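Engineer: Let's see this in three dimensions:
(chains A, B, C and D)
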Number of protein chains: 2
Amino acid sequence: MADDFSINHQKSTINNPPEPAAGPDLLSVADRLHSTAIHLLRRVRKQDAATGEGPARLSALSVLVFGGPKTLGELAAAEQVKPPTMSRIVAGLARSRLIEVTQDAKDARRMHIRATAKGTKLLQKGRQLRIAYLAHQLEQLRPQELSRLSEAVEILAELLQKWS
Amino acid sequence: MADDFSINHQKSTINNPPEPAAGPDLLSVADRLHSTAIHLLRRVRKQDAATGEGPARLSALSVLVFGGPKTLGELAAAEQVKPPTMSRIVAGLARSRLIEVTQDAKDARRMHIRATAKGTKLLQKGRQLRIAYLAHQLEQLRPQELSRLSEAVEILAELLQKWS
DNA sequence: CCAAATTAGTTAGCATAGCTAACTATATTC
DNA sequence: GAATATAGTTAGCTATGCTAACTAATTTGG
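Structural biologist: This is a model prediction of the structure:
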């Protein structure tokens, strides 16, 4: 979050379809997809602020809540962040009593990090806010549109899992 | 993100459909949509780093390139950021010669900010990298899936425009 | 069995990005 | 012309990301 990303404020005019009538071309779908994802998250983002924790912390906490206890290195890998960054995020979460850190019995270098009840509760609260907001906006869609959107999200989610 | 957001690492188990057989329920679509958007952008994000400018700068530059010259206040509003934040972003872009700042002839308080040729070129380069990456990944979809995804993205983009 | 290499995490220090509060300078209003 | 409003900046805080250099613990290999 600080994260944000560059935006394309138009439909793709550069890179036009090489084959005109062969359905949507890859490049413009990619372009629109990117732009749309950015704008979607920008809206949703503000709901998360209500939890009082920053986005990186909420995200790490979420990994712990839904994925179970992890070592610092595992958490860093899951969040695609370097260890020093995760070290600080973990310190912040621990200070707020949202996680609990214990030593590994076998390997004194390792730490086990788990969400506390307080952490789980906070995360759920944030999720409720965010999802409620999104769901409220989606209410404006016609049933058929919602159905199509749902289908597409699943297609995309499945595709994402296949990427490295 | 620095940016980033909390993730839901499961399908919606809380808030199950109130009406079982009436198509996808709002809450789980909202949940999956959010999670998918996050993961999508996490992947794409790294491509942008190749430009050498941070995400906030690229995004502001993009507004200038595609939306034409703006005052600082307009830029801040477009980016949903406070003026002091935009002030620093503009300073950074100007230092890299990606934008050009001139005074308003009528009102000495105002500034006009426009992208330079260098700025436009940099942005296009970043866009090429990012979109090429995405498009490459989308190639793995079957034509029908791509078509559905495209449709859904347009539905969503239209919906987003209606939000405040 | 001990020295070297590897692994886990931390510390220090840098840059970006967000904010609020307080400021300067210019325009507008009364 | 004095009070007010508007446009941006400055100062200072927090959070997030990084790399480089460090400590401590474990593993490996001779």
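Engineer: Tell me which residue is most central in chain A.
Structural biologist: When Cα atoms, centre = their mean is applied to chain A, the residue found nearest the centroid is residue A:59 (6.7 Å).
Engineer: which stretches of chain A form helices?
Structural biologist: Ranges of helices within chain A are A:26-48, A:55-67, A:72-78, A:83-95, A:117-138, A:143-162, based on DSSP state H.
Engineer: helices and strands around the last one, which ones?
Structural biologist: So that's helix A:143-162. The helices and strands touching helix A:143-162, judged by 3 or more Cβ pairs under 8 Å, 6 or more residues apart in numbering or on different chains; DSSP states H and E, are helix B:26-48, helix B:143-162. The way it works is simple: take the backbone N, C-alpha and C, and place the C-beta from them, glycine included.
Engineer: among those, which gets the worst mean confidence?
Structural biologist: In terms of mean pLDDT, the lowest-scoring of these is helix B:26-48 (a mean of 80).
Engineer: Quick check: buried residues in it?
Structural biologist: By neighbour count on 16 or more other Cβ atoms under 10 Å in any protein chain shown, the buried set for helix B:26-48 is B:26-45, B:47-48.
Engineer: Check stretch A:85-92 too.
Structural biologist: For stretch A:85-92, the neighbour count (16+ other Cβ under 10 Å) marks A:86, A:89, A:90, A:92 as buried.
Engineer: just stretch A:92-103 next, same as before
Structural biologist: Residues A:92, A:93, A:98, A:99, A:100 are the ones in stretch A:92-103 that count as buried (16+ other Cβ under 10 Å).
Engineer: Please see if that stretch touches DNA strand C.
Structural biologist: No. Using Cβ under 7 Å from any atom of the strand, stretch A:92-103 never reaches DNA strand C; the gap is at least 7.7 Å.
Engineer: Could you write out the alpha-carbon coordinates of that stretch in PDB?
Structural biologist: Output in PDB follows, covering the C-alpha atoms of stretch A:92-103 (Å, rounded to 0.1, in the frame of the first residue of the first chain):
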ATOM      1  CA  GLY A  92       3.800  -4.700  15.300                       C
ATOM      2  CA  LEU A  93       1.200  -7.400  15.500                       C
ATOM      3  CA  ALA A  94       2.700  -8.800  18.700                       C
ATOM      4  CA  ARG A  95       2.700  -5.300  20.300                       C
ATOM      5  CA  SER A  96      -1.000  -5.100  19.600                       C
ATOM      6  CA  ARG A  97      -1.500  -8.600  21.000                       C
ATOM      7  CA  LEU A  98      -3.000  -9.900  17.800                       C
ATOM      8  CA  ILE A  99      -0.400 -12.700  17.500                       C
ATOM      9  CA  GLU A 100       1.600 -14.800  19.800                       C
ATOM     10  CA  VAL A 101       5.200 -15.800  19.300                       C
ATOM     11  CA  THR A 102       6.800 -18.900  20.700                       C
ATOM     12  CA  GLN A 103      10.100 -20.600  20.200                       C
END
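Engineer: Now do it: distance to the chain's middle.
Structural biologist: Its chain's average C-alpha position is 21 Å from that of stretch A:92-103, according to Cα atoms, centre = their mean, to the nearest Å.
Engineer: and what of stretch A:137-154?
Structural biologist: 20 Å.
Engineer: need the contact list for the residue lying closest to residue A:94 once chain neighbours are set aside.
Structural biologist: Setting aside the residues directly before and after it, residue A:94 is nearest to residue A:101 in space (Cβ to Cβ, 6 or more residues apart in numbering or on different chains), at 5.7 Å. Contacts for residue A:101 were tallied using Cβ atoms under 8 Å, 6 or more residues apart in numbering or on different chains; they are A:90, A:94, A:111, A:112, A:113.
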